[in-house]
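**Q** make a model of this:
(2 chains, ligands or ions: 2)
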Amino acid sequence: MTEPLLSAQALVKRFGGLLATDNVSIDVMPGEIHALIGPNGAGKTTLVSQLTGNLRPDTGTIRFAGRDVTRLPLHARVRLGLARSFQITAVLRDFTALDNVALAVQAHRGHSFRFLADVRTDRSLRDPARRGLEAVGLGARADTLAATLSHGEQRQLEIAMALAGEPRLLLLDEPMAGMGPEESQRLVGLLRELKSRCGMLLIEHDMDAVFALADRITVLVYGRAVATGTPEEIRADAQVRQAYLGEGTA
Amino acid sequence: MLAALRTPRGAVTALLLLLMAALPLLTQAFDQRYLLSVGTRIVIWSIAAASLNMILGYGGLVSFGHAAFFGIGGYAVGILSANGIQSGWIQWPLALGVAILWAALIGALSLRTRGVYFIMITLAFAQLVYYLSSGLEAYGGDDGLNISRSRFGGLVDLRDKASFYWLCLILLLATLWFSSRLVHSRFGYVLRGAKSNELRMTALGFPVFRYRLAAFVIAGAFGALSGILLANDGAYVSPAMMSWVKSGDLIVIVVLGGIGALFGPLYGAITFFAVEEFLKPLLDLLHRGWGEYWQIVFGPLLVIVALYAQGGIDSLLGRRHD
Ligand SMILES: Nc1ncnc2c1ncn2[C@@H]1O[C@H](COP(=O)(O)OP(=O)(O)OP(=O)(O)O)[C@@H](O)[C@H]1O
Ligand SMILES: [Mg+2]
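**A** Numbers count the residues shown, from 1 in each chain, chains lettered A, B, ... in the order given. Ligands and ions are numbered 1, 2, ... in the order given. Down below sits the predicted model:
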């Protein structure tokens, strides 16, 4: 069996009295889309934040690409090939769409202690950035200020930024939220294409997208992983249907 | 280049620089030597403001202790001079070196904080240097220290007002040139990106702290350069050059000129000193003694700029393209 790309063991995270992550173990295989679903407040974002390093778990370990990254800071994990898109859109609003992606490319081109050369004419940054924008369907909006992009476009931009570093693992926190049906469709297509290149942990409330894309699904309820399995298994799981999908959905 | 002259900003800036380059000749022709000393002060303060603009304007880091670098640059020159080391070739690099070390130290401590805490801690460190310098009894304590100007062999005589002015102007242009490259460099983009959205930049893989620290050190070095010049301008250093009021004045100049605008520090410094020079006599003319309170008039003026011209004076010259 191949080794998982990412593997978290027995993570626990408390916020005061609230057990937001309750002894969760989860892994993502190379080339796999592992979906994480669960009701609002189940602790999905909290879990992902621990995987990326935005939050530190109280106990538990996280291994990524064969090494223990539990104590590694966020930016160092990104260097290893871990990329994230945020549930609440986080783009650089004062920069153009192209600048946003070019900065994401730059993050993976060694250090940025370069003080004189103009990035605006740096083809080693701009060309891949342009291709990245085109891949998510934003090619025509390259020179638009990120702040003035529509909400759906900003989500697409986030994906382009996350992909710019050619990550090995992509953590997507509700990427379709706020997208129109057409944009969602395109994103589903894009993610399916990307699958061969990187593993994904996908948080999503859009069940059509989840069942269309996921190889495995983990269901999180009140901070606990109540079930993990193939989409068929999850659909059939009585506990899951009761707790989350609601009887009669399947 | 020539096309840039056709925009209002380009034309005004070009005219201004031309005037500034010719200032020693003009003041001589019209026998207004006092104006040359005002011009020198404006140029030196512009360097300081430009250095603050690097962290405040591009990085969004509101340092309220930037005048400390006036003092560190100035006192390094002063103390060396008092100990018989007059060569600028030794004084200036040493002064810059001390400033860099100091900036690295306080940057490493203060950049871990945000917002108001950052403002307070940079202020606190600057006050620390201020009181340290007041305590230097061997070097004049509160009264300050008369020094002789740095010597550069036969290259340039800093005692000559015109030569000194031109040297300051060249250093200002070099500072602005560097600043203009910095904004659009990889480093500058990281700095500006972190101002826009720190979390995002970290999640992209940038160790933001390191870049901010480097920016802080660079700004400190240019700040110290202006301190070195200030000491040579008056042949005198004193704790007053780094009082918190001066740090505040520097922020005012940056905001007035236009935060993050390339020539903003220059516009800001010119306006600041012009107001100081002309508002005082004007108020005194209205009523003797009122001149002392020029800042009471200047304060509300500033508020108006902050409220109605958010990009400062720079924004009056049209949209920026960067
Ligand atoms: N920084 C924090 N401090 C305190 N409590 C927090 C913090 N972050 C999250 N929580 C709480 O932890 C629980 C899990 O939140 P989380 O955002 O991870 O849920 P989620 O599954 O992502 O929900 P949603 O589907 O609404 O995005 C919630 O009860 C939330 O209020
Ligand atoms: Mg969430």
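**Q** so the residue of the stretch 151-300 of chain B found nearest ligand 1 is in which element?
**A** Ranked by C-beta to the nearest ligand atom, the top residue of the stretch 151-300 of chain B for proximity to ligand 1 is B:L199, at 13.1 Å. Using the backbone N, CA and C atoms, a C-beta is placed for each residue, glycine as well. Of the helices and strands defined by DSSP states H and E, B:L199 is found in helix B:198-204.
**Q** now the next helix or strand after that helix, how far from the centre of its chain.
**A** Helices and strands here follow DSSP H and E; after helix B:198-204, the next one along the chain is helix B:208-234. The chain centre lies 9 Å from the centre of helix B:208-234; the measure is C-alpha atoms, centre = their mean, to the nearest Å.
**Q** so for helix B:208-234, what gets flagged as buried?
**A** Neighbour-count burial for helix B:208-234, with 16 or more other C-beta atoms under 10 Å in any protein chain shown as criterion, is recorded at B:208-209, B:211-234.
**Q** one more: stretch B:25-41?
**A** Counting neighbours by 16+ other C-beta under 10 Å, one finds that the buried residues in stretch B:25-41 are B:27, B:36, B:38-41.
**Q** which one is whichever residue of chain A sits closest to chain B nearest to, not counting chain neighbours?
**A** With distances taken as C-beta to the nearest C-beta, chain A approaches chain B most closely at A:V78, which sits 3.3 Å away. Taking C-beta to C-beta, 6 or more residues apart in numbering or on different chains, and ignoring the residues beside it in sequence, A:V78 has B:G205 as its nearest neighbour in space, at 3.3 Å.
**Q** quick one, what contacts residue 142?
**A** No chain in the question, so chain A it is. Contact analysis of A:A142 by C-beta atoms under 8 Å, 6 or more residues apart in numbering or on different chains lists A:96-98, A:130, A:133.
**Q** oops, chain B please
**A** Residues in contact with B:D142, defined by C-beta under 8 Å, 6+ apart, are B:134, B:238-239.
**Q** name the element the residue of chain A closest to chain B belongs to?
**A** With DSSP H and E as the criterion, A:V78 is inside helix A:74-80.
**Q** re earlier: in CSV: the contacts of A:A142, plus distance to ligand 1.
**A** Listed next are the contacts of A:A142 as CSV, based on distance: C-beta to the nearest ligand atom, whole Å:
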residue, distance to ligand 1
A:T96, 29
A:A97, 26
A:L98, 30
A:R130, 32
A:L133, 27
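**Q** which among those gets closest to ligand 2?
**A** Checking the contacts of A:A142 against ligand 2 with C-beta to the ion, the nearest one is A:A97 at 24.8 Å.
**Q** ok, which pair from the buried residues of stretch B:25-41 is furthest apart?
**A** Of all pairs drawn from the buried residues of stretch B:25-41, the greatest distance, 13.3 Å, lies between B:T27 and B:R41 (C-beta to C-beta).
**Q** just the pLDDT at the residue nearest to A:V78, thanks.
**A** What the model reports as pLDDT for B:G205 is 88.
**Q** for it, grab phi and psi.
**A** Summarising the backbone geometry of B:G205 under the convention degrees, to the nearest 10, its torsions are phi 110, psi 10.
**Q** what's the distance between it and ligand 2?
**A** Here B:G205 is placed at a distance of 22 Å from ligand 2 (C-beta to the ion, to the nearest Å).
**Q** before we move on, the earlier item: restrict the buried residues of helix B:208-234 to those near chain A?
**A** When C-beta under 8 Å from any C-beta of the partner chain is applied, the members of these adjacent to chain A are B:208, B:211, B:214.
**Q** can you add pLDDT and give these back as a markdown table?
**A** As requested, those are exported to a markdown table (pLDDT from 0 to 100):
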| residue | pLDDT |
| --- | --- |
| B:V208 | 96 |
| B:Y211 | 98 |
| B:A214 | 98 |
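**Q** which one of these is nearest to B:L279?
**A** Using C-beta to C-beta, B:A214 is the member of these that lies nearest B:L279, at 38.8 Å.
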